[in-house]
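> model this:
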Amino acid sequence: MHTYKKFLLAAAATLVMSANAMAAEKLRMGIEAAYPPFNNKDASGNVVGFDKDIGDALCAKMKVECSVVTSDWDGIIPALNAKKFDFLVSSLSITDERKQAVDFTDPYYSNKLQFIAPKNVDFKTDKASLKGKVIGTQRATLAGTWLEDNYGNDVEIKLYDTQENAYLDLVSGRIDGILADKYVQYEWLKSKDGMNFEFKGEPVVDSDKIGIAVRKGDPLREKLNAALAEIKADGTYKKINDKYFPFSIE
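Have a look, this model is predicted:
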């Protein structure tokens, strides 16, 4: 009897330890926080945006406590691999090159790449028409890679550390146009600074799949995929989508 009681006490202690371990599980999500409306900081310095809301919803489904770690865009994948955070939810395009460094979840939204330029300017987007123009884009993005691969010999490409700095140069007239994600530009064109600019031509890339990145071989990928499927099935994803866009970006 005495041995049995000891067994029960040991089993109970194990259950309490397991429950505490589950309750204590915490994850850190990496976000650039300079890419509105997907990720940026509000007036109080808190990280907000579509990416943050998706990350929070996934953490809720996985029943884990999550915090945000911000990182400059240029070093955001190395920061993930250096274990500065556990997963990266920061509008990262799924590319073959990046797949060599990280594993991606299923896509959580789709984007397009499109030019913007001043409304009062005849701005055709074929290579011959853009020859000699200065086009801005964010460094280490799909837009930057596309420009360099396709128009690199014909246009002057100006690379920026953040999308916001590219907008500043466009407004001041230091560049002729910008190539970037359509849904990021869509938000900026509605702003006071963006009201004199518009989309030009058709998207040059029509299906840019965006995923959440984890370190190579991390089983967290499958947990995130399961949580992503859940928020899409129960309407949580649509609520987040509708908070930012009057159309589906899934």
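> what is the longest strand that the chain contains packed up against?
Of all segments of type strand in the chain, defined using DSSP state E, the longest is strand 197-214. Applying 3 or more C-beta pairs under 8 Å, 6 or more residues apart in numbering; DSSP states H and E, we find strand 197-214 packed against helix 76-81, strand 87-93, strand 103-104, strand 109-118, helix 142-151, strand 177-181, helix 182-189, helix 220-233. Using the backbone N, CA and C atoms, a C-beta is placed for each residue, glycine as well.
> angle of that strand against helix 220-233?
130 degrees (axes from the mean of the first three to the mean of the last three C-alpha atoms, to 10 degrees).
> tell me the centre residue of the chain?
Centroid-nearest residue in the chain: Ser91, 1.5 Å away (criterion: C-alpha atoms, centre = their mean).
> measure that one to Phe123 for me?
25 Å (C-beta to C-beta, to the nearest Å).
> what's the answer for Gln100, then?
Gln100 is 36 Å from Phe123, by C-beta to C-beta.
> between those two, who's got more neighbours?
For the pair Gln100 and Phe123, the greater number of neighbours falls to Phe123 (20 against 8), based on other C-beta atoms under 10 Å.
> in three-state terms, label the more buried one for me.
The three-state assignment at Phe123 reads coil, by DSSP: H, G, I helix; E, B strand; the rest coil.
> pretty sure it is touching Leu170, no?
No. Judged on C-beta atoms under 8 Å, Phe123 makes no contact with Leu170 at a distance of 11.8 Å.
> output the helices and strands packed on strand 197-214 in a markdown table; the columns should cover mean pLDDT.
A markdown table is the format used below for the helices and strands packed on strand 197-214 (pLDDT from 0 to 100):
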| stretch | mean pLDDT |
| --- | --- |
| helix 76-81 | 98 |
| strand 87-93 | 97 |
| strand 103-104 | 98 |
| strand 109-118 | 97 |
| helix 142-151 | 97 |
| strand 177-181 | 97 |
| helix 182-189 | 96 |
| helix 220-233 | 98 |
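> what's the local residue count around the residue nearest to Gly201 when sequence neighbours are not counted?
Nearest non-adjacent residue to Gly201, counting by C-beta to C-beta, 6 or more residues apart in numbering: Thr125, 3.3 Å away. Neighbourhood size, Thr125 [other C-beta under 10 Å]: 19.
> kindly report the same for Ile94.
Counted with other C-beta under 10 Å, Ile94 comes out at 18.
> now do the contacts for it.
Counting by C-beta atoms under 8 Å, 6 or more residues apart in numbering, Ile94 touches Phe104, Pro107, Lys209, Ile210, Gly211.
> can you pull the contacts of the first one?
Listed by C-beta under 8 Å, 6+ apart, the contact set of Phe104 reads Leu92, Ile94, Arg98, Gly211, Ile212, Ala213, Val214, Arg221.
> measure it to Lys112 for me?
Taken as C-beta to C-beta, the span from Phe104 to Lys112 is 19 Å.
> contact partners for the closest residue to Ser71 other than its chain neighbours?
Excluding the flanking residues, the one nearest Ser71 by C-beta to C-beta, 6+ apart is Ala79, at 4.6 Å. Shown in contact with Ala79 (C-beta under 8 Å, 6+ apart): Gly30, Val69, Ser71, Phe85.
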